[in-house]
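Asker: no sequence on this one, just coordinates:
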């Protein structure tokens, strides 16, 4: 069944109301009439009637067409409004279009002009309706997309956090495995981690770099798994051959962790935590800033905790003496700036 397009006529001239109504109905349209601007607003406010095009006279008592136009455009922005104006008042019609009217028709209204103007207005209405529908669909799509992205992002973050928690648990187990083999270093790896993180907080490092540092600190001695226990727990000073075997723990540690891709970022720390600022360290004889910052941080923290812990070949050193040893190692064993920061900021308090 053909659905008639709805046209609202707003005019105080009863004779014009009848003429327009008859022409529109004969042309297949459904027309309604409001005798004033105020009545038109009341009719529209009832909500039961939604016109697709409005014909409004400009000169009416009370609320004029020009006064009514902005109210209609504000409340019904998609409905085209065609103004009716006297033949001698074209400037007013143009003014109405500048104020938001779709078009204007001069009186007396010619039937052909009326239908041509209304058809263009209805085509405009249909296009605007379709555009508005597409905008609404796009808005809903964007909202759903954003919601899906947020949900997916949360899932990825949760999965990544779960992976991090699992990896951290693995790291702690590995650290405990090292310490179970060397009775004198129980808690050493975790203390080095705590010291390193505290020291690193004074540098402009990203959270990702801090995370790498913590893993590297926890695992820096993982290579001791491959060192005979008799060397790890020997009470006397190691001879040259034994020392060479012991020093292999940095390379062994790197090889063990290189199997797991997740640990690749911290391999440098594991391999180089016994390098020295003056180039006399092992295994690669790196010097100065050839040694990564993260490795240099772990060097200082590892040495401090080793000095303040009991070892098979000596007892623990008092705090002042351990700090004095760090000072002596400035620019030979350690990065002087890192030592100075460690002491000035009293980094050691986090493990005491």
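Answerer: Alright, I've got the coordinates. Here the structure is a predicted model, which means the values were calculated and not measured.

Asker: what's the pLDDT at the nearest residue to residue 67 once chain neighbours are set aside?
Answerer: Distances taken as CB to CB, 6 or more residues apart in numbering put residue 37 closest to residue 67, at 6.7 Å, once the chain neighbours are dropped. All C-beta atoms are positioned from the backbone trio N, CA, C, and that covers glycine. In this prediction, residue 37 carries a pLDDT score of 91.

Asker: ok, residue 37 touching residue 61?
Answerer: No - in this structure, residue 37 is not within contact of residue 61 by CB atoms under 8 Å, at 9.3 Å.

Asker: In terms of packing, which of these two has more residues around it?
Answerer: The neighbour comparison of residue 37 against residue 61 (other CB atoms under 10 Å) goes to residue 37, with 24 against 9.

Asker: that older thread, check contacts around the residue nearest to residue 67.
Answerer: Residue 37 makes contacts with 10, 56, 60, 62-65, 67-68, 71, as judged by CB atoms under 8 Å, 6 or more residues apart in numbering.

Asker: So which residues make contact with stretch 102-114?
Answerer: In contact with stretch 102-114 (CB under 8 Å, 6+ apart) are residues 16, 19-20, 23-24, 55, 80-87, 90, 93-94, 96-97, 117, 120-121, 124.

Asker: cool, and stretch 64-75?
Answerer: By CB under 8 Å, 6+ apart, stretch 64-75 touches 10, 37, 40-41, 44, 54, 56-59, 79, 81, 83-84, 92, 95-96, 99-101.

Asker: quick one: buried residues of it?
Answerer: Buried residues in stretch 64-75, counted by 16 or more other CB atoms under 10 Å: 64-66, 68-69, 72-73.

Asker: what about it, average pLDDT?
Answerer: 91.

Asker: what's the answer for stretch 216-233, then?
Answerer: 86.

Asker: in that stretch, what's buried?
Answerer: Buried-residue list, stretch 216-233, by 16+ other CB under 10 Å: 216-225, 227, 231-232.

Asker: likewise stretch 149-158?
Answerer: Under 16+ other CB under 10 Å, stretch 149-158 has no buried positions.

Asker: Please work out the average pLDDT along that stretch.
Answerer: Average pLDDT, stretch 149-158: 83.

Asker: now stretch 122-130
Answerer: Stretch 122-130 shows a mean pLDDT of 91.

Asker: from the chain's centre, how far out does that stretch sit?
Answerer: Computed by CA atoms, centre = their mean, to the nearest Å, the chain-centroid distance of stretch 122-130 equals 38 Å.

Asker: Kindly report the same for stretch 295-314.
Answerer: With CA atoms, centre = their mean, you get 41 Å for stretch 295-314.

Asker: Now it: average pLDDT?
Answerer: Mean predicted confidence for stretch 295-314 is 87.

Asker: repeat for stretch 20-33
Answerer: Stretch 20-33 comes out at a mean pLDDT of 91.

Asker: Give me the distance between the two termini of that stretch.
Answerer: For stretch 20-33, the first-to-last residue distance is 10 Å (CA to CA, to the nearest Å).

Asker: Need the contact partners of that stretch.
Answerer: 2, 4-11, 17, 43, 49, 51, 55, 109, 111, 114-115, 118.

Asker: Per-residue pLDDT of residue 2, please?
Answerer: So, for residue 2, pLDDT stands at 46.

Asker: any idea how far residue 93 is from the residue lying closest to residue 256 once chain neighbours are set aside?
Answerer: Spatial nearest neighbour of residue 256, chain neighbours left out: residue 222 (5.7 Å); criterion: CB to CB, 6+ apart. Using CB to CB, to the nearest Å, residue 222 is found at 88 Å from residue 93.

Asker: any idea which helix or strand comes after whichever strand or helix holds residue 215?
Answerer: Using DSSP states H and E, residue 215 falls within helix 207-219. Sequence order places helix 229-232 as the next helix or strand after helix 207-219, per DSSP H and E.

Asker: Quick check: which helices or strands does that following helix pack against?
Answerer: helix 240-247 (3 or more CB pairs under 8 Å, 6 or more residues apart in numbering; DSSP states H and E).

Asker: Give me the residues contacting the helix it packs on.
Answerer: 227-228, 231-232, 234, 238, 274, 282-283.

Asker: cutoff 6 Å now
Answerer: Contacts with helix 240-247, where a contact means CB atoms under 6 Å, 6 or more residues apart in numbering, come from 227, 231, 282.

Asker: Separate out the buried members of the contacts of stretch 64-75.
Answerer: Buried members of those, scored by 16+ other CB under 10 Å, are 10, 37, 40-41, 44, 54, 56-58, 79, 81, 83-84, 92, 95-96, 101.

Asker: how many other residues sit next to residue 299?
Answerer: Other residues near residue 299 come to 27 when the count uses other CB under 10 Å.

Asker: and it, how far is that from residue 125?
Answerer: 77 Å.

Asker: now do residue 319
Answerer: 85 Å.

Asker: same deal with residue 247?
Answerer: Residue 247 is 85 Å from residue 125, by CB to CB.

Asker: Look at residue 319 and residue 125 and report which has more neighbours.
Answerer: residue 125 (19 against 14).

Asker: My understanding was that residue 254 contacts residue 272; is that so?
Answerer: No - checked against CB atoms under 6 Å, the pair residue 254 and residue 272 is beyond contact range at 9.2 Å.
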